[in-house]
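In: sequence and computational prediction follow.
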Amino acid sequence: MKAHDGMYIGGEWRPAAGPDTIAVVNPADEQVIGHVPAGTPEDVDAAVRAARAAFPGWAATAPAERAARIGALRDVLVARRDEIAETVTAELGAPLQFSRAVHAGVPALVAGSYAELAATHPFEEKVGNSTVLSEPVGVVGAITPWNYPLHQIVAKVAPALAAGCTVVLKPAEDTPLTAQLFAEATAEAGLPAGVFNLVTGVGSVAGQALAGHDGVDLVSFTGSTAVGRQIGAVAGAAVKRVALELGGKSANVILPSADLAKAVGVGVANVMGNSGQTCSAWTRMLVHRDQYDEAVTLAAAAAAKYAPGERMGPLVNAKQLDRVRGYIEKGVEEGARLVAGGPGAPLERGYYVSPTVFADVTPDMTIAQEEIFGPVVSVIAYEDEEDALRIANGTVYGLAGAVWAGEESEAVAFARRMDTGQVDINGGRFNPLAPFGGYKQSGVGRELGSHGLAEYLQTKSLQF
Ligand code: NAD
């Protein structure tokens with residue numbers, strides 16, 4: 001797609017307030033593929049004003065009308081699926097097939113789920129002698145990362161629109177073209193002017209201006225824990241609602257009764273998808289001591305199937321490449337054993353790293369504690385179930401996880417004791433209606449389904 005040189009504010013593409021631009025780079029070949037404007041606080045202010053002006057009208061529309069617009073938005077995302085996939089591949093580097101299935105497919109599914117929820121959600125309920133009204137929170141400032149560029153946008157914008165909120169989006173610097181394409185889609189879907197607004201720009205300028213703007217009632221952020229902490233502090237000081245989706249270091253717990261080959265194979269695939277740039281990835285594989293050597297051999301063989309440049313794309317940028325390589329070097333330094341991959345560059349061009357598997361990882365090593373955000377799996381041995389639980393719960397994060405066992409009930413019993421927001425049982429499938437979000441430092445709040453909608457509503461009780 002062609003890059004826009006303005007901001008999408010109040011239903012039109014307007015010239016940016018400042019002259020600065022951001023170069024968009026294809027991480028597969030390191031070529032610049034376009035430029036977008038770098039927003040200033042002035043652009044953010046204009047966008048918040050437009051969202052504020054549009055709010056009363058949008059909040060007053062019947063839920064069925066909002067549902068119809070979100071349904072139309074879903075239809076545009078479906079109709080433009082190829083273009084979305086090509087755009088995500090161009091700026092994120094994901095293989096085209098993965099972009100079509102996941103980066104373009106999932107947002108259409110999520111938008112569809114909110115078209116339905118907007119139409120069916122009880123925005124009014126009776127509680128004894130009271131009527132409880134669910135009303136939109138107001139103007140939402142949405143700040144999104146690059147790893148699932150369209151999904152992260154839709155997971156905030158669709159429920160906000162369903163609730164009756166209006167939105168200003170500040171997308172990640174690395175993937176602004178996908179965000180511009182989404183802005184086009186909102187126009188095509190017939191959303192009234194000002195209901196959705198886009199300001200591209202740098203996090204420390206445009207993002208910070210949006211998070212701290214007086215005219216924003218709720219900030220919804222997905223990204224690093226460091227920035228999330230800052231945004232939470234600013235929102236707290238202003239007594240403003242905030243939702244934070246942050247990092248993860250999820251455990252894939254393989255109990256002795258499980259189908260080991262399947263659990264290892266699915267576990268490795270879970271990490272290698274999107275080049276390991278998934279906050280909910282099961283980057284720690286926990287295996288019983290007696291099955292450890294077999295699991296390590298299986299994991300190394302599974303990783304070898306993800307050839308860089310073919311089944312596995314590059315990392316998003318040079319900074320992430322340095323960061324991931326740094327973690328791999330740190331793993332070696334701290335005594336972990338490389339059984340697949342390593343820090344070397346597998347291809348001459350592009351920000352590629354090899355699919356990497358570490359064995360002999362102990363729970364306290366840096367690579368077992370910190371979020372790497374690359375295609376790196378750490379295989380950790382446990383002695384018994386209590387030990388597995390201690391290791392699984394032994395990080396500051398709690399976003400996702402998996403448990404595998406011969407009987408579902410055995411896996412569920414273990415999952416109940418995990419400090420984490422989502423657990424897949426024996427390879428359970430993605431559910432766009434299931435709440436997604438973190439325990440502990442993985443975040444505050446939930447996205448998706450009716451729980452995601454509730455984030456954008458506030459309640460008022462009328463007594464009779
Ligand atoms: P980041 O937190 O810096 O960026 C996320 C978003 O926040 C971007 O839109 C960015 O422009 C914006 N931002 C940055 N600084 C800001 C500020 N001071 N005020 C307001 N907005 C600001 O994340 P990153 O640099 O893109 O990635 C760094 C690490 O974050 C990754 O290695 C990974 O560990 C983690 N991460 C997590 C997720 C997730 O889904 N939880 C997604 C992306 C990255």
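Out: Looks like it arrived, so ask away.
In: is the longest helix along the chain anywhere near the ligand?
Out: Counting residues, the longest helix found in the chain (DSSP state H) is helix 41-60. No - using Cβ under 6 Å from any ligand atom, helix 41-60 never reaches the ligand; the gap is at least 10.5 Å. In short, each C-beta sits where N, CA and C put it, glycine included.
In: next: stretch 20-32.
Out: No - taking Cβ under 6 Å from any ligand atom as the criterion, stretch 20-32 and the ligand are apart, separated by no less than 10.0 Å.
In: leaving out chain neighbours, which residue sits closest to Arg81?
Out: Nearest residue to Arg81, sequence neighbours excluded (Cβ to Cβ, 6 or more residues apart in numbering): Ala104, at 4.6 Å.
In: do you know the pLDDT at that neighbour?
Out: Note for Ala104: predicted pLDDT of 98.
In: pull out the buried positions in stretch 338-357.
Out: Buried residues in stretch 338-357, counted by 16 or more other Cβ atoms under 10 Å: 338-343, 346, 350-357.
In: may I ask which two of the residues you listed are separated the most?
Out: Val339 and Gly350 (24.3 Å; Cβ to Cβ).
In: about what we covered before: wait, isn't the residue nearest to Arg81 in contact with Thr89?
Out: No - using Cβ atoms under 8 Å, Ala104 is not in contact with Thr89; the gap is 9.8 Å.
In: and those two? Which one has more around it.
Out: Ala104 (25 against 21; other Cβ atoms under 10 Å).
In: what residues are up against the most centrally placed residue in the chain?
Out: Closest residue to the average C-alpha location of the chain: Gln152 at 5.0 Å, with Cα atoms, centre = their mean. If you count contacts by Cβ atoms under 8 Å, 6 or more residues apart in numbering, Gln152 has them with Thr144, Pro145, Thr222.
In: now the second one: closest residue in space, sequence neighbours ignored.
Out: The reference is to Pro145. Gly223 (4.5 Å).
In: wait, the one you found sits on Tyr148?
Out: No - the criterion here is Cβ under 8 Å, and Gly223 misses it with Tyr148 at 11.7 Å.
In: those two: which is more packed in?
Out: Tyr148 (25 against 22).
In: now do the contacts for that one.
Out: Val102, His103, Val106, Asn274, Thr278.
In: do that again at 7 Å, thanks
Out: His103 (Cβ atoms under 7 Å, 6 or more residues apart in numbering).
In: residues near Phe358, how many?
Out: 27.
In: for Gln97, same thing?
Out: 11.
In: quick one: it from Ala307, how far?
Out: Distance, Gln97 to Ala307, by Cβ to Cβ, to the nearest Å: 14 Å.
In: again with Asp20
Out: 38 Å.
In: what residues does the stretch 201-350 of the chain have near the ligand?
Out: Residues of the stretch 201-350 of the chain lying near the ligand (Cβ under 6 Å from any ligand atom): 203-204, 207-208, 211, 222-224, 227, 230-231, 245-247, 279.
In: ok, the stretch 351-464 of the chain next?
Out: Glu371, Phe373.
In: for the ligand, what's the nearest residue on the stretch 351-464 of the chain?
Out: Phe373 (3.7 Å; Cβ to the nearest ligand atom).
In: settle this for me: that residue is touching Gln277, isn't it.
Out: Yes - under the criterion of Cβ atoms under 7 Å, Phe373 lies in contact with Gln277, with a separation of 5.4 Å.
In: just to revisit the earlier point, in the contacts of Gln152, which residue is surrounded by the most others?
Out: Thr144 (28 neighbours).
In: how is the closest residue in space to it that isn't next to it in sequence assigned, secondary-structure-wise?
Out: Setting aside the residues directly before and after it, Thr144 is nearest to Gln152 in space (Cβ to Cβ, 6+ apart), at 4.1 Å. Taking DSSP: H, G, I helix; E, B strand; the rest coil as the rule, one finds Gln152 in the helix state.
In: and Gln152, what pLDDT?
Out: pLDDT, Gln152: 98.
In: returning to what we had before: which one of the buried residues of stretch 338-357 is nearest Pro27?
Out: Of those, the one sitting nearest to Pro27 (Cβ to Cβ) turns out to be Tyr351, at 4.6 Å.
In: what does the stretch 1-150 of the chain put close to the ligand?
Out: Ile143, Thr144, Pro145, Trp146, Asn147.
In: mind doing that once more with 5 Å?
Out: Ile143, Pro145, Asn147 (Cβ under 5 Å from any ligand atom).
In: let me have the residues you listed in JSON lines, extended by secondary structure and pLDDT.
Out: JSON lines is the format used below for these (DSSP: H, G, I helix; E, B strand; the rest coil; pLDDT from 0 to 100):
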{"residue": "Ile143", "secondary structure": "strand", "pLDDT": "98"}
{"residue": "Pro145", "secondary structure": "coil", "pLDDT": "98"}
{"residue": "Asn147", "secondary structure": "coil", "pLDDT": "98"}
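In: domains in this protein, as residue ranges please.
Out: 6-246+441-463, 251-432 (automatic domain parsing).
In: in which helix or strand would I find Leu321?
Out: helix 318-333 (DSSP states H and E).
In: for that helix, which helices and strands make contact with it?
Out: Under the contact criterion of 3 or more Cβ pairs under 7 Å, 6 or more residues apart in numbering; DSSP states H and E, helix 318-333 touches helix 366-369, strand 376-382.
In: which is the next helix or strand following it?
Out: strand 337-340.
In: look up how far Ala318 lies from the closest residue to Tyr352 other than its chain neighbours.
Out: Of all residues beyond its chain neighbours, the one nearest Tyr352 is Pro308 (4.2 Å), with distances taken as Cβ to Cβ, 6+ apart. For Pro308, the distance to Ala318 equals 16 Å [Cβ to Cβ].
In: higher neighbour count, those two?
Out: Pro308 (19 against 12).
In: follow-up on the earlier one: how distant is the helix holding Leu321 from the center of its chain?
Out: Relative to the centre of its chain, helix 318-333 is centred 22 Å away, using Cα atoms, centre = their mean, to the nearest Å.
In: for the record, mean pLDDT for that helix?
Out: 98.
In: residues touching it, excluding its own?
Out: Contacts for helix 318-333 (Cβ under 7 Å, 6+ apart): 315, 338, 342-343, 351, 353, 356, 358, 365-367, 372-374, 376.
In: now the two most distant members of those residues.
Out: Tyr351 and Met365 (24.7 Å).
In: is it true that Gln180 lies in a strand?
Out: No - assigned with three-state DSSP, Gln180 falls outside any strand and is helix.
In: all set, thanks.
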